[in-house]
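*Asks:* show me how the following folds:
(chains A and B, ligands or ions: 2)
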Amino acid sequence: MISLTDVSKTYPGGVTALASVSLEIRHGELVAIVGPSGSGKSTMLNTIGTLDRPTSGTVRIDGHDVSTLSDNQLSALRGTRIGFVFQHFHLAARVAALDNVADGLLYSGLPLAERRRRARAALDRVGLGHRIDHEPHELSGGERQRVAIARAVAGDPPLLLADEPTGALDSVSGAGVMELLHDLHAAGTTIVIITHDREIAGGLPRQVRMRDGRIVADSAALTGATR
Amino acid sequence: MTAPLTVARMRPRDVMRVGAVGLRTRPLRAFLSALGIAIGIAAMIGVVGISSSSGAELDRQLSALGTNLLTVSSGQTIMGEQAKMPVDAEAMIERIGPVQAVSAMGEIPEAKVYRSEQIPAAQTGGLAAYAARLDLPQVLGATLRSGTWLNAATHTYPAVVLGATAAQRLGITAAGPDAQVVIGGERFTVVGILHPLALAADLDTGALVGWPAAERILDYDGHPTTLYTRVDENRMEAVRSVLAGTANPEASNEIDISRPSDALAAKQATEQAFTGLLLGVGAVALIVGGVGVANTMVISVLERRSEIGLRRSLGATRGQIRTQFLAESLLLSAMGGVGGVCIGAVVTVGYATYEGWPSVIPAEATAGGLAATLVIGAVAGLYPAIRASRLSPTEALAAP
Ligand SMILES: Nc1ncnc2c1ncn2[C@@H]1O[C@H](COP(=O)(O)OP(=O)(O)O)[C@@H](O)[C@H]1O
Ligand SMILES: [Mg+2]
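*Replies:* Ligands and ions are numbered 1, 2, ... in the order given. Okay, here's the model as predicted:
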């Protein structure tokens, strides 16, 4: 599903956020990425999500070599194969949950009625079927993140990338969100989660630890279970 | 398993919806920047509309009044004194073949016009007394606002018909036995009040009395000062060239000939020039409005970077981001344009109605105004939209 080979990323100004990282993630995995702040976790996730191109190295997502794709094709890749969940939700203010989720399908070419139908189904899936008319400011933090997850999965992407999805939540809401992500994983979605929370990371099947732009530990590599 | 990666086209409805997002979330700002455009368009539509309405009014007047009126008036002698037209000038001109009708009036300079005997002699209010022939209204196409014109009986008595402006200045609203004015020290009863005369504006400030009455009561010398002639439309030039000599064979240089419809058209032409100037002012207002829209769009893009990043993560292409902000800009200025056309139309209709003109809002002006707003919207939105589309998704997402 994801294959990084010798991927480096140097930002203008000389900061090397990723230094020759190689990583394989197979279909249906649930992976935690951990590491201190500034270690390059977000940079790696953005590279996997094709939001950013690496300075060097090869990124393959769902069989596509990212470097060979045009910007439009990358957009299509993101729109059809990848769902994103952010720490700060990125919900549109004063827009009902249903339309926030339906907006996730805006670039899919589906008509509005179908986008709304799927949005309703996605909200049901995250347990917010009773909140479809609520605007973000009428929802709790945990509920907002679940709306954001519904938006990310409304188009049934095979890959879900979450950058500190529980970072802005209290532990109870965070546990609820993690439970939801576990359910999605159980239903077959490949999920990569950046987290600071050791407990959360420990509860996931595989942990990748980063420091200074390098992968310093990978539980899959240690056990040799996946390769 | 790797299906081809193709971008789905957005439906026009979805483009509109996403373009309206910024307008819905910031309605006051949208309203104000649309207002800038609206003011510019309204100014231009108003200027064009009012000038077209006044042009339509002129055409209406000219077709009602005819363009075949020639006036023959006594000018000045070579010594610079007021010349006197021969008393028989009217009869002489009537004999010219293509002249269809002639009428005359004569100014009575000594006879001042007052509301009553109590008014100090200096306050004439710019009014003048004239002796008028009975057929004057037919030749001029004059109509009465109140009362009746002089007739065979009243033209020998102290009866007067007031011009529209004269009646207003004298404070007389209706003709009748109680309405009296003082002319040359004598009381005259107001028997009629005229509508304004486009082709003989002198008479608007005049008090018109019958020819015999003028001679009998006001010591009028009987010399006409202006003759009004209706002439065969096809022979205007020929007649014009002989009029002066016919009116005063001894001193044709003391006679001035004019065609009042020309003067009206000339006045219209100067107003057109002024219209051009006002149109320029409207265009400047429109450009300022366009700058306002551009400003709004630049701010909108800056504020919504994280939304742009999110949309890119959801699969929006650069082109779709560009389209979104262009659509927003076009919607903004189109709203302003439609609002401006409406305001301009209301102003035009209101002003024309107030002036008693037919209301004319040229379709070209409306279409041109709307086209101009779309061009402005596109130009104002293009740069911000391109900037939005060039944002890197990660930097956009990192924006607060
Ligand atoms: N857009 C950027 N421009 C320059 N430096 C950046 C940029 N984004 C991240 N960095 C730097 O790259 C390094 C890795 O950042 P990041 O991937 O966000 O780390 P993490 O998510 O693990 O906290 C940091 O040193 C950070 O300052
Ligand atoms: Mg980070």
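
*Asks:* so which helix or strand takes in the most centrally placed residue in chain B?
*Replies:* Centroid-nearest residue in chain B: residue B:54, 3.4 Å away (criterion: C-alpha atoms, centre = their mean). Following DSSP states H and E, one finds residue B:54 within helix B:27-65.

*Asks:* give me the buried stretch members for that helix, please.
*Replies:* Of the residues in helix B:27-65, those buried under the neighbour-count criterion (16 or more other C-beta atoms under 10 Å in any protein chain shown) are B:29-30, B:33-55, B:57-58, B:61-62, B:65. C-beta here means a position set from N, CA and C on the backbone, and glycine is covered the same way.

*Asks:* likewise for stretch B:339-356?
*Replies:* B:339-341, B:343-345, B:347-349, B:351-352.

*Asks:* now the residue lying closest to residue B:349 once chain neighbours are set aside. Its backbone dihedrals?
*Replies:* The shortest distance from residue B:349 to any non-neighbouring residue, by C-beta to C-beta, 6 or more residues apart in numbering or on different chains, is to residue B:359 (4.5 Å). For residue B:359, the backbone dihedrals are phi -90, psi 130 (criterion: degrees, to the nearest 10).

*Asks:* picking that back up, now the residue nearest to the centre of chain B: how far from ligand 1?
*Replies:* Here the distance between residue B:54 and ligand 1 works out to 63 Å (C-beta to the nearest ligand atom, to the nearest Å).

*Asks:* now do the contacts for that residue.
*Replies:* Counting by C-beta atoms under 8 Å, 6 or more residues apart in numbering or on different chains, residue B:54 touches B:268, B:271, B:352, B:355, B:357.

*Asks:* please identify which of those residues is nearest to residue A:75.
*Replies:* Compare each of these with residue A:75 using C-beta to C-beta and the shortest gap goes to residue B:352, at 54.3 Å.

*Asks:* residue B:29 and residue B:295 touch, don't they?
*Replies:* No. Counting by C-beta atoms under 8 Å, residue B:29 sits too far from residue B:295 to count as a contact (10.0 Å).

*Asks:* my read is residue A:47 is in a strand, agree?
*Replies:* No. Read with DSSP: H, G, I helix; E, B strand; the rest coil, residue A:47 is helix and lies in no strand.

*Asks:* now do the SS call for the closest residue to it other than its chain neighbours.
*Replies:* When the adjacent residues along the chain are set aside, residue A:47 lies closest to residue A:54, with 5.4 Å between them (C-beta to C-beta, 6+ apart). Assigned by three-state DSSP, the conformation of residue A:54 is coil.

*Asks:* against residue B:312, how distant is residue A:54?
*Replies:* Taking C-beta to C-beta, to the nearest Å as the measure, residue A:54 falls 17 Å from residue B:312.

*Asks:* do the same with residue A:197
*Replies:* In this structure, residue A:197 and residue B:312 are separated by 28 Å, where distance is defined by C-beta to C-beta.

*Asks:* all strands for chain A, in order.
*Replies:* According to DSSP state E, chain A carries its strands in the segments A:2-10, A:16-25, A:30-34, A:56-61, A:64-65, A:82-85, A:159-163, A:190-194, A:206-211, A:214-218.

*Asks:* pick the most deeply packed of the ones you listed.
*Replies:* strand A:82-85 (a mean of 26; mean count of other C-beta atoms under 10 Å in any protein chain shown).

*Asks:* residues contacting it, please?
*Replies:* Contacts of strand A:82-85 from elsewhere in the structure, counted by C-beta under 8 Å, 6+ apart, are A:49-50, A:61, A:78, A:104, A:145, A:148-149, A:151-153, A:155, A:157, A:159-163, A:165, B:313-314.

*Asks:* how far off centre is that strand?
*Replies:* Using C-alpha atoms, centre = their mean, to the nearest Å, the distance from the centre of strand A:82-85 to the centre of the chain it belongs to is 4 Å.

*Asks:* now swap in stretch B:296-311 and tell me
*Replies:* Per C-alpha atoms, centre = their mean, the displacement of stretch B:296-311 from the mean C-alpha position of its chain is 47 Å.

*Asks:* quick one: name the residues of chain A near ligand 1.
*Replies:* Applying the criterion C-beta under 6 Å from any ligand atom, the portion of chain A that neighbours ligand 1 consists of A:11, A:13, A:15, A:17, A:35, A:37-43.

*Asks:* need the buried ones from those selected in ChimeraX.
*Replies:* Command for ChimeraX that selects the buried part of the residues of chain A next to ligand 1, burial taken from 16+ other C-beta under 10 Å:
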select /A:17,35,39,40,41,42,43
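
*Asks:* hmm, back to that, partner strands of the helix or strand just after the helix holding residue B:54, with direction?
*Replies:* Tracing the chain C-terminally past helix B:27-65 and defining elements by DSSP H and E, one meets strand B:69-74 next. In the sheet containing strand B:69-74, its partner strands are strand B:226-231 (antiparallel), strand B:255-258 (antiparallel), by DSSP bridges.

*Asks:* where does the stretch 51-200 of chain B have low pLDDT?
*Replies:* The model of the stretch 51-200 of chain B has pLDDT under 70 over residues B:120-124.

*Asks:* follow-up on the earlier one: quick one: which of residue A:197 and residue B:312 has more around it?
*Replies:* When residue A:197 and residue B:312 are compared for neighbours, residue B:312 comes out ahead with 29 against 18, by other C-beta atoms under 10 Å in any protein chain shown.

*Asks:* looking at the stretch 251-400 of chain B, what residue ends up closest to chain A?
*Replies:* Closest approach between the stretch 251-400 of chain B and chain A, counting by C-beta to the nearest C-beta: residue B:315, at 2.0 Å.

*Asks:* and that residue, how many residues sit next to it?
*Replies:* Applying other C-beta under 10 Å, we find 25 residues neighbouring residue B:315.

*Asks:* next SSE downstream of whatever helix or strand residue B:300 lives in?
*Replies:* Assigned by DSSP H and E, residue B:300 falls within helix B:260-303. For helix B:260-303, the following helix or strand on the C-terminal side (DSSP H and E) is helix B:305-313.

*Asks:* show me the helices in chain B, by range?
*Replies:* Taking DSSP state H, the helices of chain B run over residues B:12-19, B:21-25, B:27-65, B:89-94, B:136-140, B:164-170, B:211-217, B:236-247, B:260-303, B:305-313, B:318-355, B:363-390, B:393-398.

*Asks:* ok, chain A next?
*Replies:* Counting by DSSP H, one finds helices in chain A at the ranges A:41-48, A:71-81, A:97-102, A:112-125, A:141-153, A:171-186, A:198-202, A:219-223.
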